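>>> sharing a sequence plus its predicted fold:
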Amino acid sequence: MQTVLITGGAGFIGSNFIPYFLDKNPELHVVNLDLLTYAGDLSNLKEIENNANYTFAKGDVCDRNLIQSLFEEYNFTGVLHFAAESHVDNSINNPDAFVQTNVFGTFNLLDVAKSFWMESPNVYKQGFENSRFLHVSTDEVYGTLGKTGSFTEQTSYAPNSPYSASKASSDFMVRSYFHTYGLNVVTTNCSNNYGPKQHDEKLIPTIIRKAISDEEIPIYGDGKNIRDWLYVLDHCIGIELVFKKGKLGETYNIGGKNERDNLYIANTICTILDEIHPKETSYKNQITFVKDRPGHDFRYAIDATKLETELAWQVQENFESGIKKTINWYLEKYK
């Protein structure tokens, strides 16, 4: 049985991906390496904790000795790298942790994988000829858009926060290991994810939590910042497709085709809560505007044509269907 390493599997996207991936690939064993920092939560993986094809290892992607020992123990033939510091507000206050995990951690994984899988540049060791490294990244590396246009895989990088700068650096590190050493890498850049298991501090969980706690619902600035919202399971489907069928060295954008501004998000959630979890007054009365985030990008939008045409990926959820599933999951969580 072949074994793949998934980093950051207890976080939001990783903990949605691993159960999906195990279900689709019963012939593979998954080792989940996660440091369980503020965004990692093993309770997100309760449904697979007794799966014979799943192993959890607590540790840091910055710990090279640990990474090497895991490679030696499990003979990984694939890496799917989710682990990252990803909260933009935290990157403004504490950028050094983002550089460590997102840049140095990615370098560590790449370098150990190269040493373990390859004899020399462009020459793989026997048994590792099809080994692949998938790097999960973000559309924030492209910077911000005006009112029109969308990011393609050819869009120039222009990161505006310490978070997006660290992810851009990690993307370039992955690219360099392909062009310099011939390492079998693929990269995905996704738009804003939402769905079950997301960390409480993120926008959508915050709106839901504050609403049902009868607290003010904080919206940055005028609420007109636009994001392209991608339901997390649609993202997982795209990642698995790229890992299995993506072209060597290529990047694939994954987007939801669901551009919505933050005020629309808040109003939609409040409208649904008014219907399914009513109280005396509308939840919309709790929406308040707070001082905008420094360097807050105005708009992101992904063009996923390459993924759709080359790998036949299709988004399954629109925002209005996905947000209902998401709200119901959080109402259970916050009971």
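Alright, I've got the coordinates.
>>> so which strand or helix has the nearest residue to residue 106 once chain neighbours are set aside?
Excluding its sequence neighbours, the residue lying closest to residue 106 (Cβ to Cβ, 6 or more residues apart in numbering) is residue 170, at 4.0 Å. C-beta: built from backbone N, CA, C; applies to glycine. Following DSSP states H and E, the helix or strand that holds residue 170 is helix 162-181.
>>> again, but for residue 3
Element membership of residue 3 [criterion: DSSP H and E] is strand 2-7.
>>> tell me which other helices or strands that strand touches.
The contact analysis (3 or more Cβ pairs under 8 Å, 6 or more residues apart in numbering; DSSP states H and E) places strand 2-7 against helix 12-24, strand 28-34, helix 64-74, strand 78-81.
>>> apply 10 Å and report the result again.
Counting contacts by 3 or more Cβ pairs under 10 Å, 6 or more residues apart in numbering; DSSP states H and E, strand 2-7 is packed against helix 12-24, strand 28-34, strand 54-58, helix 64-74, strand 78-81, helix 105-117, strand 132-138.
>>> strand partners of the second one, parallel vs antiparallel please.
Yep, that's strand 28-34 we're talking about. Note on strand 28-34: by DSSP bridges, its sheet partners are strand 2-7 (parallel), strand 54-58 (parallel).
>>> dump these into JSON lines; add mean neighbour count as well.
Listed next are these as JSON lines, based on neighbours: other Cβ atoms under 10 Å:
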{"stretch": "strand 2-7", "mean neighbour count": "22"}
{"stretch": "strand 54-58", "mean neighbour count": "16"}
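>>> who's in contact with the nearest residue to residue 97 once chain neighbours are set aside?
Nearest residue to residue 97 in three dimensions, chain neighbours excluded: residue 85, at 5.4 Å (Cβ to Cβ, 6+ apart). Residues near residue 85 by Cβ atoms under 10 Å, 6 or more residues apart in numbering: 8, 37-39, 91, 94-102, 105, 162-163, 166-167.
>>> now residue 215: closest residue in space that isn't a chain neighbour?
residue 286 (6.8 Å).
>>> tell me the contacts of the one you found?
Contact analysis of residue 286 by Cβ under 10 Å, 6+ apart lists 207, 210-218, 266, 270.
>>> from those, which is closest to residue 32?
residue 207 (29.1 Å; Cβ to Cβ).
>>> need phi/psi at the closest one.
phi -60, psi -50 (degrees, to the nearest 10).
>>> to what extent is it buried, counted in neighbours?
Neighbour count of residue 207, defined by other Cβ atoms under 10 Å: 26.
>>> surely it is in contact with residue 269?
Yes. With contact defined as Cβ atoms under 10 Å, residue 207 counts as touching residue 269 (5.0 Å).
>>> any residues in contact with both of the two?
Common contacts of residue 207 and residue 269, defined by Cβ under 10 Å, 6+ apart, comprise 217, 283, 287, 327, 330.
>>> state the pair within the residues you listed that is farthest apart.
287 and 330 (17.4 Å).
>>> so where's this protein shaky on pLDDT?
Along the chain, segments meeting pLDDT under 70 span 87-88, 91.
>>> quick one, what contacts residue 42?
9-10, 15, 32, 34, 36, 49, 56, 58.
>>> buried subset of those residues?
By neighbour count, with 16 or more other Cβ atoms under 10 Å, these hold 9-10, 15, 32, 34, 56 as buried.
>>> could you tell me the end-to-end distance of stretch 126-136?
27 Å (Cα to Cα, to the nearest Å).
>>> quick one: buried residues of it?
Buried residues in stretch 126-136, counting neighbours by 16+ other Cβ under 10 Å, are found at 128, 131-136.
>>> the residue nearest to residue 106 touches residue 110, doesn't it?
Yes. Using Cβ under 10 Å, residue 170 is in contact with residue 110, at 9.2 Å.
>>> overlap in contacts of these two?
Residues touching both residue 170 and residue 110 (Cβ under 10 Å, 6+ apart): 81, 135.
>>> settle it for me: which of those two has more neighbours?
When residue 170 is set against residue 110 and neighbours are counted by other Cβ under 10 Å, the residue ahead is residue 170, at 28 against 23.
>>> distance of that one from residue 133?
For residue 170, the distance to residue 133 equals 12 Å [Cβ to Cβ, to the nearest Å].
>>> overlap in contacts, these two.
Counting by Cβ under 10 Å, 6+ apart, the common neighbours of residue 170 and residue 133 are 81, 106, 109-110, 187.
>>> from those, which two are the most distant?
Once Cβ to Cβ is applied, the shared contacts of residue 170 and residue 133 give 109 and 187 as the farthest pair, at 13.2 Å.
>>> neighbour count: those two, which is higher?
Neighbour totals were compared for residue 109 and residue 187, and residue 109 leads with 27 against 24 (other Cβ under 10 Å).
>>> ok, now which ones touch the more buried one?
5, 7, 33, 61-62, 64, 67, 71, 79, 81, 83, 133, 135, 170, 173-174, 177.
>>> and of the shared contacts of residue 207 and residue 269, the nearest to residue 226?
For the shared contacts of residue 207 and residue 269, the minimum distance to residue 226 (Cβ to Cβ) is 17.2 Å, reached by residue 287.
>>> which non-adjacent residue is nearest the closest one?
residue 217 (4.8 Å).
>>> count of neighbours near the one you found?
For residue 217, using other Cβ under 10 Å, the count is 22.
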